[in-house]
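> build the 3D model from these lines:
(one chain, ligands or ions: 1)
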Amino acid sequence: MPQTAADRGPVPAEATYDVVIIGAGIAGLSAAIYATRERLTTLVLEKMMPGGQILTTSRVENYPGFPDPIGGMELADRLASQAVRFGAEIVSQVQVTRIEPPTGEGEGRCILAFAGSKRYCGRSMILAVGSEYRKLDVPGERRLTGYGVSYCGTCDAPFYRDKHVVVVGGGNTALDEGLHLLKYASRLTFVTLGDAFRASQILVDELARQGDKVETCFASTVTEIVGEKKVEGVRIRNTRTNEEKPVACDGVFVFVGLAPLTHFLKGVVDLDERGFILTHACTLQTSVPGVWAAGDVRAGTLKQAATAAGDGVIAALMAKEFLKQQHPAKSSVP
Ligand SMILES: Cc1cc2nc3c(=O)[nH]c(=O)nc-3n(C[C@H](O)[C@H](O)[C@H](O)COP(=O)(O)OP(=O)(O)OC[C@H]3O[C@@H](n4cnc5c(N)ncnc54)[C@H](O)[C@@H]3O)c2cc1C
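Predicted coordinates:
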């Protein structure tokens, strides 16, 4: 049963910020840099640690301004330090489970974010909660995650030196990560639902150059991941013939897309059929005035670090304009 404004009583009130940003990935941190530099009081709530998905990659080669590759962790550190230098308050280990649209008008207008026993109040809000890896949802997957089932080649590839690895997926991420895995693994079996890869031609060509180290099962799917204490194999079904075969392997890497982390936003802001947040194309405002979305969680974005940063910048500057109109007398809104 959704809580109403009248039920807010027992939850202790927090200070009111000009902007509350949910998620400290690249989008959220970029928004925090711009918001604080515009002298808006800014709170960033992060359920884990600042950085988001980029933390899981050791090498970012396409973030503008870095002619040499930069580690994801270092990039995240730099963004967080920059935001803090301008005055952003970043609170880690706080998972927002609900937001409540504003009920008041003008000065009394406040959008609430609830996390555990606390609530946080923002005159405006930026949703930058990103996405997470989609699962196969087959027997064995959950039990063996961390024991041979992985969603990050960059993180786990070195564990598979001279091993046979199954890669599930046929898009850019699957091929990119698969090629990285081949620096270590002796054999790779791709399993993809399509009749061809959906990746950039440059990746497909590079994969073709790997010769018989790579086998591909097109029009196929993994129906089970097998193993007692660690992955020992998979069952692969051909979706055309329905034939199923066991394949022995040491690891399974799953790259079947991203799911937005928007369960807690259902019914509050408009989402597309996959759960990504719908926004105005230019202003990035959601269906709730005073609430913006930025980064991978926004419908129609390119899911890149630089585009997430750009989104964060737009959302922060739009929030500033909004606050200027809503709170013309308030000193913290220049
Ligand atoms: C392995 C890997 C390699 C990549 N390499 C590159 C690359 O080389 N170049 C490139 O441009 N892009 C790369 N990307 C993509 C890039 O990392 C993402 O596009 C970008 O980080 C998205 O940023 P974001 O801030 O929108 O979301 P995220 O990074 O997903 O951040 C969202 C943050 O919100 C937090 N959060 C979620 N829900 C809540 C909640 N309810 N309450 C509080 N906090 C919450 C999460 O913990 C997370 O920290 C890579 C991605 C991966 C996974």
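
> where's residue 306, which helix or strand?
helix 305-326 (DSSP states H and E).

> in that helix, what's buried?
305, 307-320, 322-323, 326 (16 or more other C-beta atoms under 10 Å). For glycine as for every other residue, the C-beta is placed from the backbone atoms N, C-alpha and C.

> the ligand next: which of those are close?
Intersecting the buried residues of helix 305-326 with the contacts of the ligand gives 305, 308 (criterion: C-beta under 6 Å from any ligand atom).

> now the closest residue to the ligand within the stretch 151-300 of the chain. Nearest residue, chain neighbours left out?
Among the residues of the stretch 151-300 of the chain, residue 295 lies closest to the ligand, at 2.1 Å counting by C-beta to the nearest ligand atom. Computed as C-beta to C-beta, 6 or more residues apart in numbering, the closest residue to residue 295 that is not its neighbour in sequence is residue 27, at 2.7 Å.

> wait, that neighbour touches residue 130, no?
Yes: contact criterion C-beta atoms under 8 Å: residue 27 and residue 130 qualify, at 7.3 Å.

> between those two, which has more neighbouring residues?
residue 27 (35 against 25; other C-beta atoms under 10 Å).

> so the more buried one: helix, strand or coil?
The local conformation at residue 27, judged by DSSP: H, G, I helix; E, B strand; the rest coil, is helix.

> what residues does the lowest-mean-pLDDT helix or strand in the chain touch?
Of all helical and strand segments in the chain, the minimum by mean pLDDT, DSSP states H and E falls on helix 153-156, at a mean of 75. Residues from elsewhere that reach helix 153-156 (C-beta atoms under 8 Å, 6 or more residues apart in numbering): 56-59, 150, 176-178, 180-181, 251, 253, 255.

> how about a cut-off of 10 Å?
Here helix 153-156 makes contact (C-beta atoms under 10 Å, 6 or more residues apart in numbering) with 55-59, 72, 146, 148-150, 160, 165, 167, 173-174, 176-185, 251, 253, 255.

> ditto for stretch 55-67
Against stretch 55-67 from outside (C-beta under 10 Å, 6+ apart): 25-26, 48-49, 54, 68-78, 133, 151-157, 177, 180, 304-306, 309.

> from what I see, residue 168 and residue 252 are in contact.
Yes: with contacts counted by C-beta atoms under 10 Å, residue 168 reaches residue 252, the gap being 6.7 Å.

> now do the strands in the stretch 201-334 of the chain.
214-217, 220-226, 233-238, 244-248, 251-254, 258-260, 291-293 (DSSP state E, counting those that start in this stretch).

> mean pLDDT lowest for which of those strands?
Comparing mean pLDDT across the strands of the stretch 201-334 of the chain, the weakest is strand 258-260, with a mean of 91.

> so what secondary structure elements neighbour it?
strand 131-133 (3 or more C-beta pairs under 10 Å, 6 or more residues apart in numbering; DSSP states H and E).
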